[in-house]
Each structure stands twice: as structure tokens, then as C-alpha cells.
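**Student:** After the sequence you'll find the predicted model.
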Amino acid sequence: MKKINDEQLIHYILHLLPAGDRHAIETALDTDTALQQRLLQWQQVFAQLDEKTTPVTPPERVWQSIASQLAFDTENTLKPAASEASEASKTSNATNAAPAKPKKGGRKNGGFWHYLVPAFATLVVAFMVSFYYHVQPDLRADIMSTDATEVVWQVAANDSNITFVSVKDISVDGMDCVAWIQRKTGEKVRLGQVPDTGSNAKKRLPVPPSLALTAGDSVVIYMVDSRTQAALENMPPNMATLEPI
């Protein structure tokens, strides 16, 4: 399977992919940590939408209208269109042959879903992509070097994600840079590894749903051993306080 894009991940979450494509994504997820991270981001976006949505029960007439368009009878079973039933009856009466086979497709015999499902999925995908990429950050921070002479990372955050832009190359073999959030209460929450190669390398990390970032919270970046992930004692952390944009 080619590189998996966001649209395919959304279809995967909504269970709209064919079995073969779904299996390919699940196979890739076993080893692709970047793909795992992207899937987690989308799952959290859907979770947040679900939390902010109040369920509404449609009026009975709405269900009756849908059933009518899909040609369901009162027992919720699919019935043939009137024109097909009439034609089959005439053929049967004239020749005593078996009833005509139902035609494939068509809105009157269930083919309505053939049009409805892709259209609905397309709308959901378009909305989710727009929602994800156009939500504006409302908090920011510049993380300075330990001697406070230059910006190393620029940070932008909102309720869904926090983005790190590596401004200065501080990469060292065998060292990773890992970001944490330190709440005003002193609580610390690990976010994940961030880029350290400069050239405005960017990485977006999901904000856990239980973590509501506010102005005054701090972003702390620790230098850790790439193998053990233990903090390097000779490398003090870099930190900055989030402030409103």
C-alpha cells in the first residue's frame, strides 16, 4: 500500500475502508510510529467533537421519510419498487414463470445507499480535514537556549495539539529532545519527542483530552539518552511559559 494519507486514516476510524485497505493500514501501524501518532491525533479530534456534541433524537417523520426513500416496509425489510412488482406480476400471470429477479442498483431497491454513503463520507472527510488544519492556536511560547541568547524552538498550542518548530540545530548523536508540559500546579505530562535539527523542522503532538492547556503552563524540553531515554545530567532542560497569542 502506498503512503497512507489523512483521508484514509479518517475512513479507517469511521470503518469505511474495504477489508484489504483496512488490513494494510493495521499492518503498517504495527511498525510505523509516525503513522501511530497521526492516527492518535485524528482519534482525539473525533473524541473532542463527540464530547462537545449533544445527541438529538430525530422526529419519527424523519425515519419514515428515510424508510420511504429506501423502500422499506413497516417490518423494516426491503421491498421491491412498485413498478418492479407490477412488472413481475404481469410476467408471472402471463407465463407462469418464476418472478422476475430484482434489478441491481437503483434508489428504489436499496441502491440509495450506493449514493448516500460515499457522499456522506466525503462530507465528513472534508469537514474533518478543514477542522484539523485550520484550528488556530491560542497559546504560544519561544523556548530559548540555556544561556537565553537565542530561540531554539517556537511553540504554538490549542486544545487539540501543540506544534514545535525547531529554529536552531542542537542535534547531538545519541541524544533526543523530549517535550513535557508542566502545569501551574507542578504536575508534569510527557508529550513526546520533538525535532532538534533546526531549519524550521516542525512536529505536531496531540494534547491529551484530559489536559486543558492554559496560559501560565510551561513547556519543558529535556535532553535524553536516545537508547535509555534517561535525562542527561550535564544537559539542563529548556523551558518557557505559554502565553496567549
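**Tutor:** Received it, and whenever you're ready, just let me know what you need. This structure is a prediction, so every number in the text was calculated from the model and none was measured.
**Student:** and Glu233, how far is that from Ser226?
**Tutor:** Using CB to CB, to the nearest Å, Glu233 is found at 15 Å from Ser226. (Each C-beta comes from the backbone N, C-alpha and C, glycine too.)
**Student:** Which one's more surrounded, these two?
**Tutor:** Each of Glu233 and Ser226 has its neighbours counted (other CB atoms under 10 Å); Ser226 has more, 11 against 7.
**Student:** Touching, that one and Val178? I think so.
**Tutor:** No: Ser226 is beyond contact range of Val178, at 10.3 Å (criterion: CB atoms under 8 Å).
**Student:** Other residues contacting the helix or strand containing Gln37?
**Tutor:** Element membership for Gln37 (DSSP states H and E) is helix 33-51. Helix 33-51 is contacted by residues 4, 6, 9-10, 12-13, 25, 28-29, 128, 131-132, 159-161, 192, 204-209 when judged by CB atoms under 8 Å, 6 or more residues apart in numbering.
**Student:** Let me see the ranges of the helices in the chain.
**Tutor:** For the chain, helices defined by DSSP state H occupy the ranges 6-13, 19-29, 33-51, 60-69, 82-95, 112-134.
**Student:** In terms of mean pLDDT, which of these ranks lowest?
**Tutor:** The weakest mean pLDDT among those belongs to helix 82-95, with a mean of 51.
**Student:** Domain-wise, how is the protein divided?
**Tutor:** For the chain, automatic domain parsing gives the domain ranges 6-54, 60-131, 139-244.
**Student:** For stretch 143-153, give the distance from the opening residue to the closing one.
**Tutor:** 5 Å (CA to CA, to the nearest Å).
**Student:** Let me know the average pLDDT across it.
**Tutor:** Per-residue scores along stretch 143-153 average to 92.
**Student:** Contacts for that stretch next, please.
**Tutor:** With contact meaning CB under 8 Å, 6+ apart, stretch 143-153 is reached by 142, 154-155, 164-168, 170, 194, 219, 221, 236, 238-240.
**Student:** let's see 6 Å
**Tutor:** Residues outside stretch 143-153 that contact it (CB atoms under 6 Å, 6 or more residues apart in numbering): Asp142, Phe164, Ser166, Val167, Lys168, Pro236, Asn238, Ala240.
**Student:** If I take the helix holding Gln37 and helix 6-13, what angle do their directions form?
**Tutor:** Angle, helix 33-51 to helix 6-13, by axes from the mean of the first three to the mean of the last three CA atoms, to 10 degrees: 60 degrees.
**Student:** can you pull the buried residues of helix 33-51?
**Tutor:** Under the neighbour-count criterion of 16 or more other CB atoms under 10 Å, helix 33-51 has Leu35, Arg38, Leu39, Gln41, Trp42, Gln44, Val45 buried.
**Student:** go on, stretch 159-170?
**Tutor:** Residues Asp159, Ser160, Asn161, Ile162, Thr163, Phe164, Val165, Ser166, Val167, Lys168, Ile170 are the ones in stretch 159-170 that count as buried (16+ other CB under 10 Å).
**Student:** Lovely, talk soon.
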